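K.L.:
dropping the sequence and predicted coords here.
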Amino acid sequence: MISAIFEYQFMQNAFIASILASIVCGIIGVIVVEKKLVMMSGGIAHTAYGGVGLGYLLGFEPIIGAFLFSVSAALGIGAIKRRGGVQSDVIIGLFWSLGMALGIVFIALMPGYPPDLNSYLFGNILSVTKADLYLMIILSFLVVFIVIALFNDWKAYLFDEEFASIIGIKTVFLEYLLLVLVAMTVVVLIRVAGIILVLALLTAPSAMASIFSKRLKSRMIFAVIFGVIFCISGLWISYKLNIASGACIVILSVVCYFFTYAIRIVHIKMKRKNIASKQIVGEEESEV
Amino acid sequence: METAIHIDNLSVYYGETAAIKNICLDVKQGEFLGIIGPNGGGKSTLLKAILGLIPITTGNIQIYEKTIGKNRTAVGYVPQFATMDRRFPISVMEVVLTGRLKQGLSLFMKYSNEDKDIANEQLKRVGIDHLAKRQISELSGGEFQRLLIARALTVHPKLLLLDEPTASVDMNSREQIYHLLRELNKEITIVLVTHDLLAISSEVKKLACLNGKLVYHGEPLLNEHIVNELYGCPVDLIAHGVPHRVLKEHEEGIAK
């Protein structure tokens, strides 16, 4: 694969795309998992499908459509949730299916043969174009910059939104900003993992990182590293076996997460057993 | 004497139901006010309204003669710790430092040495400075509650609002927390919402009883005899209408 990276432009694009995707999904993934926004992210991602369809229908770059749709979904869900009166998972569910439905309608309205949308739904990192890559670079840079620039404010907001708002931090702004960041992240990830598989990339690296670290910053760093490992090895598997990259990366991430989880459970049980057996030995000795 | 909180004819409605109605209440500087009442009596709503977290329907609230939005640094808030996510990846020091964040948003903000000194000082004040490097998931209930108090104190408030500070902490920590509050009250006005009758009886200087309306406001009328009796009594919670009435008959309209 290494020689292929030097030889083929599409492999270079794929390689850069997976690094970018890992960085944003590591950073935003940790926030999404801590703030319990996983389903919200799913909703935002699936709404993007409508944008992809609109892009095809009106003849502009579908990824731009995806970006516009997911940002509006983020703001829309955020605004309705803030007004109150409706459960947020209800709105998420509605946006989720509305976006998909719009996508289908737009594609149906398109004259001629319908395009192959599989690469948007399930991701195909090998088909990343230069234009995709530029958009991904800009969005990744923005996401990383915004998170780092406001890191202390983010930390206060994520830990205790109420207190943060009492001491005068603009929490409403942060809430919307976070949703927009999630939307941007989703767009970066769509080319790699696809609309349907995005959730695994957002959750698996950060959930695994949470097993290894108890600090927010190092959790993000761990998650980025895990993301890079998953994406690059997933890319390699997909290249070797000629299977869709999104599926490979996702299966690899999820399997790795459950594997780590199982090891951790066994480890904790062994520790407990050790302590228990030591106590029993101690009691026996004292009896003697 | 300076008025810390001035509440005039306050009503808060959630949809069409009133959570609190026509409340008038003044808290003077240096006071230690306990607010008690049954569940759903509007205690937390009152606290949130004072903090400006929920929109008020009618009336107005002033903190040291300004609205809360213009006087944020005068108020320290200690939330109910049961509602907090204690698995969040953050250390004790980091939590306390969040109290030093500036209003609005600050780009590439780093905590100064002064901020760190203040944070350390407040941790020492509540007696958990030795835990500064711990993650919050490793703290006991009592330690966590004191951490939240330390965080509120880093704002250097003149007024401290606490929501159920002793709910689900053990007896020992409860004693320590009240001892701490007594010390703090020498400089800071304290308003405390609680179910904990012992706190009300032994610590507070004034009492407000809330059940939708302000039913009573004045001196705590629990004398020593009743307090002693309470130690052997299973009732740890005052609600209007429980047979173990420990307060004198509530009369409406004598508020203030």
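P.N.:
Received the coordinates, thanks. Note that this is a predicted model, so its numbers are computed, not measured. Residues are numbered from 1 along each chain as shown, chains lettered A, B, ... in the order given.
K.L.:
ok, now which ones touch whatever residue of the stretch 51-200 of chain A ends up closest to chain B?
P.N.:
Nearest residue of the stretch 51-200 of chain A to chain B: A:Gly168, at 3.2 Å (C-beta to the nearest C-beta). All C-beta spots, glycine's among them, are computed from the backbone N, C-alpha and C. Contact analysis of A:Gly168 by C-beta atoms under 8 Å, 6 or more residues apart in numbering or on different chains lists B:72, B:102-104.
K.L.:
can you pull the phi/psi pair for it?
P.N.:
Torsion angles at A:Gly168 (phi, psi; degrees, to the nearest 10) stand at phi 100, psi 10.
K.L.:
and it, how far from B:Ile50?
P.N.:
Going from A:Gly168 to B:Ile50 by C-beta to C-beta, to the nearest Å gives 15 Å.
K.L.:
need the residue closest to the centroid of the chain.
P.N.:
Here I'm looking at chain A. When C-alpha atoms, centre = their mean is applied to chain A, the residue found nearest the centroid is A:Leu202 (2.4 Å).
K.L.:
look at chain B instead
P.N.:
Centre-most residue of chain B, counting by C-alpha atoms, centre = their mean: B:Leu162, 1.4 Å.
K.L.:
how about that residue, nearest residue that isn't a chain neighbour?
P.N.:
B:Val78 (4.3 Å; C-beta to C-beta, 6 or more residues apart in numbering or on different chains).
K.L.:
and the one you found, how many neighbours?
P.N.:
B:Val78 is flanked by 25 other residues according to other C-beta atoms under 10 Å in any protein chain shown.
K.L.:
then the one 5 residues further on?
P.N.:
Applying other C-beta under 10 Å, we find 11 other residues in the vicinity of B:Thr83.
K.L.:
could I get the phi/psi values of it?
P.N.:
With angles defined as degrees, to the nearest 10, B:Thr83 sits at phi -90, psi 0.
K.L.:
repeat that for B:Leu192.
P.N.:
B:Leu192 adopts backbone torsions of phi -130, psi 130, taken as degrees, to the nearest 10.
K.L.:
ok, now which ones touch the residue nearest to it when sequence neighbours are not counted?
P.N.:
Distances taken as C-beta to C-beta, 6+ apart place B:Leu162 nearest to B:Leu192, at 4.8 Å, with adjacent residues excluded. Applying C-beta under 8 Å, 6+ apart to B:Leu162 gives the contacts B:78, B:149, B:181, B:190-194.
K.L.:
what are the ranges of the helices in chain B?
P.N.:
Ranges of helices in chain B, per DSSP state H, are B:43-51, B:92-98, B:113-126, B:141-153, B:171-184, B:197-202, B:224-231.
K.L.:
those residues of chain B touching chain A, which are they?
P.N.:
Proximity of chain B to chain A, by C-beta under 8 Å from any C-beta of the partner chain, involves residues B:51-53, B:72-73, B:75, B:77, B:79, B:84-85, B:88-91, B:94-95, B:97-99, B:101-111, B:135, B:137, B:151, B:155.
K.L.:
tell me which parts of the stretch 1-150 of chain A are close to chain B?
P.N.:
With C-beta under 8 Å from any C-beta as the criterion, the stretch 1-150 of chain A meets chain B at residues A:34, A:148-150.
K.L.:
of all those, which two lie farthest apart?
P.N.:
A:Glu34 and A:Ala149 (18.9 Å; C-beta to C-beta).
K.L.:
list the contacts for the nearest residue to A:Leu252 once chain neighbours are set aside?
P.N.:
Closest residue to A:Leu252 apart from its sequence neighbours, by C-beta to C-beta, 6+ apart: A:Gly234 at 4.8 Å. Neighbouring residues of A:Gly234 by C-beta under 8 Å, 6+ apart: A:18, A:245, A:248-253.
K.L.:
let's see it at 10 Å
P.N.:
Listed by C-beta atoms under 10 Å, 6 or more residues apart in numbering or on different chains, the contact set of A:Gly234 reads A:18, A:123, A:125, A:192-193, A:201, A:243, A:245-253.
K.L.:
hmm, which two among those residues are most spread apart?
P.N.:
Farthest pair in the contacts of A:Gly234, by C-beta to C-beta: A:Leu201 and A:Ile243, 16.6 Å.
K.L.:
which one of these two has more residues nearby?
P.N.:
Counting neighbours by other C-beta under 10 Å for A:Leu201 and for A:Ile243 shows that A:Leu201 has the greater number, 32 against 13.
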